[in-house]
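Colleague: Pasting the sequence and the predicted coordinates here, then a few questions.
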Amino acid sequence: MIKLPEDVKNIIGILEANGYEAFAVGGCVRDTLLFRMPEDWDVTTSAKPEEVKALFSHTIDTGIQHGTVTVMMGKNGYEVTTYRIDGEYEDGRHPKDVTFTANLVEDLKRRDFTINAMAYNERVGLVDEFDGVKDLENKVIRCVGNPRERFKEDALRMLRAVRFAAQLGFTIEEETKEAIRELAPTLAKVSKERIAVELVKTIVSDHPEEIRIAYELGLTKVFMPEFDVAMETVQNNHHHKYTVGEHSIVTMQNIRPDKNLRLVMLLHDLAKPVVLTTDDRGFDHFVGHTQAGADMARGILKRLKFDNATIDYVYRMIRHHDDRPPMDNKALVRRRISQIGLEHMPAMIEIKRADILGQSEYEFESKMGYVDELEKAYKEVIENNHCVNKRDLSVNGSDLIAMGMKPGEEIGVVLDLLFEIVLNDPRLNDREKLLERANKLATPFI
Ligand code: ATP
Ligand code: MG
């Protein structure tokens, strides 16, 4: 019924040959039944961690205190976890202690959702004590047991419910939803790192719009209240037909499922409620929302403990997402490209298209036409090898020192001026011509 990979068959076979039970379990069973490619294959077994380690030549103690050993089969690792009952959850964060058990069903009972609580091996077939198959068929996310109790044990499960709904295109069962509504504030007890993992999985899924459910159930309010404000901010002007939050959602749906790009779209306009002004005719304006938005995004991502590379990228793209240099001023276009960074231009063009796709039909064609022009201008820079990066100037600091300038700040000033000259006229980035200019600029400093 389920086709296990050879490695998994071998691991289960070795455990069984030594008198233990062993099953593929959790996400891999769920995904296989859905004809989806599992991310990884996990095994659950009656063998204790030390017993697992004794049977395989290469193992890693991944989470030995929770009963998890990674078994290496060639280059591939498989997490093998001893059947366990989770002890009481101290603070909604981690189980205080785990108890090993000899009973598979006890292990399945501790798992979050019915669709994640199935086990399979070739000897026994599918073990589905909690009607996971039925819920797969009905496309439903339902807790194993009483949802309130399960969310009290581990509040992250509430966000995981949203994440699985987004990944699988499922709906959250009514009683499970009610329990989330009630217990959403307890998500505050969960570590920011765990929250960030589920947030990213939600927005890079096929259904990033499910973030809306997280909002409706009161979850985003706990870790990203800025998003709630955006969901409640209408934009009364010609360019928009959605609230700020809905606009953000639609733009996520219109960009490929890349973590950084989806984060940019999610966060790009969140400062609009802060800078909003309404003119005499009743139209809303959002002057300064790009800088304020970049700052706000940085704050949110820092709070959620994202790495600096992600934070810097998202900051930069939000800062420039609304740059619109006039196309008849190619020097200014090159200047903007240099600020955004040449290597970031393809992504910026994707971001701009997604942004427009989340707006009203007003001037749609001309807005899209503008982005096409920008893309052309970018390609021209590439094809002509125009210098839009100070590092690519044909004259450098050593040249200035060779002319007699002293090392120091002035070198930077002269290079900045040379870069301005080249941005204005790329033909001047010719070594002979630029040395001539450099000489003139350097003279006062010598
Ligand atoms: P994927 O790996 O595709 O993200 P998954 O279902 O494998 O999805 P994991 O987070 O890898 O999810 O967890 C593996 C299994 O462990 C789950 O299928 C579930 O049975 C169980 N599990 C994970 N986290 C929890 C939790 N917080 N509470 C209860 N059970 C959990
Ligand atoms: Mg997994």
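Modeller: That came in fine, so what should we check first? Ligands and ions are numbered 1, 2, ... in the order given.

Colleague: from here on, contacts and neighbour counts on C-alpha atoms
Modeller: Noted.

Colleague: The residue in the stretch 201-350 of the chain positioned nearest to ligand 1 sits in which helix or strand?
Modeller: Residue of the stretch 201-350 of the chain nearest ligand 1, by CA to the nearest ligand atom: residue 201 (7.7 Å). Using DSSP states H and E, residue 201 sits in helix 192-203.

Colleague: Could I get the buried residue list for that helix?
Modeller: Buried positions in helix 192-203, judged by neighbour count with 16 or more other CA atoms under 10 Å: 192, 195-196, 198-203.

Colleague: Show residues contacting it.
Modeller: The contact list for helix 192-203 (CA atoms under 8 Å, 6 or more residues apart in numbering) reads 156, 159-160, 162-164, 166-167, 208-211, 223, 252, 257, 259, 262-263, 303-306.

Colleague: For that helix, C-alpha coordinates in CSV please.
Modeller: C-alpha atoms of helix 192-203 as CSV (Å, rounded to 0.1, in the frame of the first residue of the first chain):
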residue,chain,number,x,y,z
LYS,A,192,10.1,33.0,18.8
GLU,A,193,12.3,30.5,16.9
ARG,A,194,9.6,27.9,16.8
ILE,A,195,7.0,30.4,15.8
ALA,A,196,9.2,31.6,13.0
VAL,A,197,9.7,28.1,11.6
GLU,A,198,5.9,27.6,11.3
LEU,A,199,5.4,31.2,9.9
VAL,A,200,7.9,30.6,7.1
LYS,A,201,6.4,27.1,6.3
THR,A,202,3.0,28.8,6.1
ILE,A,203,3.9,31.6,3.8
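
Colleague: Tell me how far that helix lies from the chain's centre.
Modeller: 7 Å (CA atoms, centre = their mean, to the nearest Å).

Colleague: circling back: among the contacts of helix 192-203, which ones are buried?
Modeller: 156, 159-160, 162-164, 166-167, 208-211, 223, 252, 257, 262-263, 304-306.

Colleague: The residues you listed in helices, which ones?
Modeller: 156, 159-160, 162-164, 166-167, 211, 223, 252, 262-263 (DSSP state H).

Colleague: Quick check: residues of this structure near ligand 1?
Modeller: Counting by CA under 6 Å from any ligand atom, the residues of the chain close to ligand 1 are 26-27, 39, 110-112, 116-117, 157.

Colleague: how does it look with 5 Å?
Modeller: Proximity of the chain to ligand 1 (CA under 5 Å from any ligand atom) is limited to residues 26-27, 111-112, 116.

Colleague: Which one of these is nearest to residue 366?
Modeller: Distances from residue 366 to the residues of the chain next to ligand 1, taken as CA to CA, are shortest for residue 27 (46.1 Å).

Colleague: pLDDT wise, what is the closest one at?
Modeller: If you check residue 27, the pLDDT there is 97.

Colleague: Pull the contacting residues for it.
Modeller: Counting by CA under 8 Å, 6+ apart, residue 27 makes contact with 38-42, 116.

Colleague: What residues of the longest helix anywhere in the chain count as buried?
Modeller: Taking DSSP H as the criterion, the chain has its longest helix at helix 364-383. Using 16+ other CA under 10 Å as the test for burial, helix 364-383 gives 367-368, 370-371, 374-375, 377-378, 381.

Colleague: List the contacts of the very next helix or strand once past that helix.
Modeller: Next along the chain after helix 364-383, taking DSSP H and E as the criterion, comes helix 397-402. Contact partners of helix 397-402, identified using CA under 8 Å, 6+ apart, comprise 407, 411-412, 415, 438-439, 442.

Colleague: could these go into TSV alongside pLDDT, neighbour count and distance to residue 74?
Modeller: As requested, these are arranged in TSV below (pLDDT from 0 to 100; neighbours: other CA atoms under 10 Å; distance: CA to CA, whole Å):
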residue	pLDDT	neighbour count	distance to residue 74
407	91	12	55
411	94	19	55
412	94	14	53
415	96	21	54
438	93	21	60
439	92	17	63
442	89	20	62
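
Colleague: Pull the distance from the longest helix of the chain to the chain's centre.
Modeller: 27 Å.

Colleague: For that helix, enumerate the helices and strands it packs against.
Modeller: helix 330-340, helix 345-357 (3 or more CA pairs under 8 Å, 6 or more residues apart in numbering; DSSP states H and E).

Colleague: can you map out the strands along the stretch 101-250 of the chain?
Modeller: All strands of the stretch 101-250 of the chain, identified by DSSP state E, counting those that start in this stretch, fall at 119-121, 125-127, 140-141, 171-172.

Colleague: Just send these back as a markdown table, with mean pLDDT too.
Modeller: Output for the strands of the stretch 101-250 of the chain, formatted as a markdown table (pLDDT from 0 to 100):
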| stretch | mean pLDDT |
| --- | --- |
| strand 119-121 | 98 |
| strand 125-127 | 98 |
| strand 140-141 | 98 |
| strand 171-172 | 98 |
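
Colleague: could these go into TSV alongside mean neighbour count?
Modeller: Shown next, in TSV, are the strands of the stretch 101-250 of the chain (neighbours: other CA atoms under 10 Å):
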stretch	mean neighbour count
strand 119-121	24
strand 125-127	16
strand 140-141	25
strand 171-172	20
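
Colleague: State the distance from the residue in the stretch 151-300 of the chain positioned nearest to ligand 1 to residue 198.
Modeller: Residue nearest to ligand 1 within the stretch 151-300 of the chain: residue 157 (5.3 Å; CA to the nearest ligand atom). Separation of residue 157 from residue 198 (CA to CA, to the nearest Å) stands at 10 Å.

Colleague: and if you look at residue 139?
Modeller: As judged by CA to CA, residue 139 and residue 198 stand 20 Å apart.

Colleague: Now do residue 94, the pLDDT please.
Modeller: Listed pLDDT for residue 94 reads 64.

Colleague: Shouldn't residue 81 be within a strand?
Modeller: Yes. Remark: residue 81 belongs to a strand, assigned using DSSP: H, G, I helix; E, B strand; the rest coil.

Colleague: neighbours around it, how many?
Modeller: Using other CA atoms under 10 Å as the criterion, residue 81 is surrounded by 27 other residues.

Colleague: That one contacts residue 43, correct?
Modeller: Yes. Between residue 81 and residue 43 there is a contact under CA atoms under 8 Å: 6.3 Å.

Colleague: about what we covered before: with pLDDT as extra columns, can I get the ones in helices among the buried ones among the contacts of helix 192-203 in a markdown table?
Modeller: Listed next are those as a markdown table, based on pLDDT from 0 to 100:
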| residue | pLDDT |
| --- | --- |
| 156 | 97 |
| 159 | 98 |
| 160 | 98 |
| 162 | 98 |
| 163 | 98 |
| 164 | 98 |
| 166 | 98 |
| 167 | 98 |
| 211 | 98 |
| 223 | 98 |
| 252 | 98 |
| 262 | 98 |
| 263 | 98 |
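
Colleague: All good on my end, thank you.
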